[in-house]
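predicted model and sequence follow; I will ask about them next.
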Amino acid sequence: MADPAHSGFSPASILIIRLSALGDVIRTLPLLPPLRARFPAARLGWLCEPGQRPVVEVQPLVDEVLEFPRQDLTRSLKSGHLLRAGSRLRTTLATIRRWRPQVVLDAQGTYKSALLMRLSGAPLRIGFARGVAREYIPGAATHHVTPVPARQSRVEKALSLLAPLAADPSLAAAELPRQAGAAALAESLWAAKPGRVRILISPGASNRQGYKRWPPRMFAAAAASLAAGGATVQIAWGPGEEGLAREVAGHAGGGVHLLPATSLLLLAELLRTADLFIGNDSGPMHLAWLVGTPVVALYGATDPVVNAPWGPGHRQVAVTTAQRLAGGRDPSLMAAIKPEAVIAAAREILAGVNPSSD
């Protein structure tokens, strides 16, 4: 294959591999505009898990979404249905090969994504170098990238994969097109609870990362204070989080409202029409900045530099670096963040959104 940095290099198809999770998929979306500008005639594909598909398939620059059925494979293996798991994996690999990618970018950096890249049949395969990728398979990539500096936003890390292709990272941008049906429903859910400003709180994080969760009573204290100031405060929740959300709403009192179950795109539209989002380092937090909503993001064990909301106008409330390094993944670390700090950060943002909010 020709030098990918050469101006005459023109692949017919490019596949991005970022399987999960929601926040990580969102932070990989900024790759799309530079790739489209560099290769306007190329088909752009994305390989992801089914749960992330709603965010990817509405991207105007993505020509096709391919699915990796991780949960189905896991269930089959755990239940001893090895033949079914093998059949599903062969079908997935056949789908990728029929797509005939000429370039693959592995933005995941795991054994799973590296193996999928290696088996894709693409002659040009770009991945993170040993020591940068979370998991590394020698020979999976033909071109290796080492982001500089090492400690940087996950968005900037993903954009470093553009270097071998000579695509311009300054063109990076991300959006989620408005979904009319979900937007109408979101507006009705907000209109039913009138207030001077709209605040959406998501107290959850993935079940495997409970150490990211700020204590429910602290969320409730911040929510109650902001509601007492005239804001409409609603609590959103995802799969398995209803009990947590009810606990927050219950401690906060009658001025804070629990939303019904939402789809991913409905949550996006609720966020789009909110004035502020408050939440942990989670998928909903990254979804908030994607749709242009100011964020107050809370960090304990996770690095606020690496996991920052992308773009200006956000606030981060985090434990000290010394606390983070000493505390590891201790869930109690998040309790070091006081409600007063979160309320102050929220009011700073709201003062710019609505000067009368104080």
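Yes, it's here.

so what's residue 185 up against?
Shown in contact with residue 185 (C-beta atoms under 8 Å, 6 or more residues apart in numbering): 266, 269. For the C-beta atoms, the positions are set from N, CA and C on the backbone; glycine is no exception.

ramachandran angles for the spatially closest residue to residue 198 that is not a sequence neighbour?
Leaving aside its sequence neighbours, residue 198 sits nearest to residue 274 (C-beta to C-beta, 6 or more residues apart in numbering; 4.6 Å). Main-chain torsions, residue 274, degrees, to the nearest 10: phi -90, psi 160.

which stretches of the stretch 1-150 of the chain form strands?
13-17, 43-48, 64-67, 103-106, 124-128, 143-145 (DSSP state E, counting those that start in this stretch).

ranges for the helices of the stretch 51-200 of the chain?
Applying DSSP state H, counting those that start in this stretch to the stretch 51-200 of the chain gives helices spanning 53-57, 70-78, 82-99, 111-118, 154-159, 180-191.

and the closest residue in space to residue 13 that isn't next to it in sequence, how many neighbours does it have?
Using C-beta to C-beta, 6+ apart and skipping residues adjacent in sequence, the residue nearest residue 13 is residue 43, 4.4 Å away. Residues near residue 43, counting by other C-beta atoms under 10 Å, number 17.

convert the C-alpha atoms of the helix-or-strand element of the chain with minimal mean pLDDT to CSV, please.
Least confident element among the helices and strands of the chain, by mean pLDDT, DSSP states H and E: helix 70-78 (a mean of 88). C-alpha atoms of helix 70-78 as CSV (Å, rounded to 0.1, in the frame of the first residue of the first chain):
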residue,chain,number,x,y,z
ARG,A,70,-19.9,-8.9,23.1
GLN,A,71,-22.8,-9.6,25.5
ASP,A,72,-24.2,-12.4,23.3
LEU,A,73,-20.7,-13.9,23.1
THR,A,74,-20.2,-13.7,26.8
ARG,A,75,-23.6,-15.3,27.6
SER,A,76,-22.9,-18.1,25.1
LEU,A,77,-19.5,-18.8,26.6
LYS,A,78,-20.7,-18.7,30.2
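
what comes up buried for it?
By 16 or more other C-beta atoms under 10 Å, the buried positions in helix 70-78 come out as 70, 72, 73, 76.

was I right to think the residue nearest to residue 198 contacts residue 293?
Yes. Counting by C-beta atoms under 8 Å, residue 274 touches residue 293, with 5.3 Å between them.

anything in contact with each of these two?
residue 200.

now do the end-to-end distance for stretch 121-136.
One end of stretch 121-136 sits 18 Å from the other (C-alpha to C-alpha, to the nearest Å).

my bad, should have said stretch 59-69
21 Å.

equivalent analysis for stretch 140-155, please.
22 Å.

please apply the same query to stretch 218-238.
19 Å.

so which bits of it are buried?
Buried-residue list, stretch 218-238, by 16+ other C-beta under 10 Å: 218-227, 229, 231-238.

please compute how far stretch 57-64 lies from its chain's middle.
For stretch 57-64, the separation from the chain centroid amounts to 17 Å (computed by C-alpha atoms, centre = their mean, to the nearest Å).

sorry, back to before: for the least confident helix or strand of the chain, name the packing helices and strands.
Secondary-structure packing of helix 70-78 (3 or more C-beta pairs under 8 Å, 6 or more residues apart in numbering; DSSP states H and E): helix 82-99.

for residue 278, see how far away the closest residue in space to residue 100 that isn't next to it in sequence is.
The shortest distance from residue 100 to any non-neighbouring residue, by C-beta to C-beta, 6+ apart, is to residue 13 (5.9 Å). Residue 13 sits 41 Å away from residue 278, going by C-beta to C-beta, to the nearest Å.

which one of these two is surrounded by more residues?
Using other C-beta under 10 Å as the criterion, residue 13 and residue 278 rank with residue 278 on top: 30 against 18.

no further questions, thank you.
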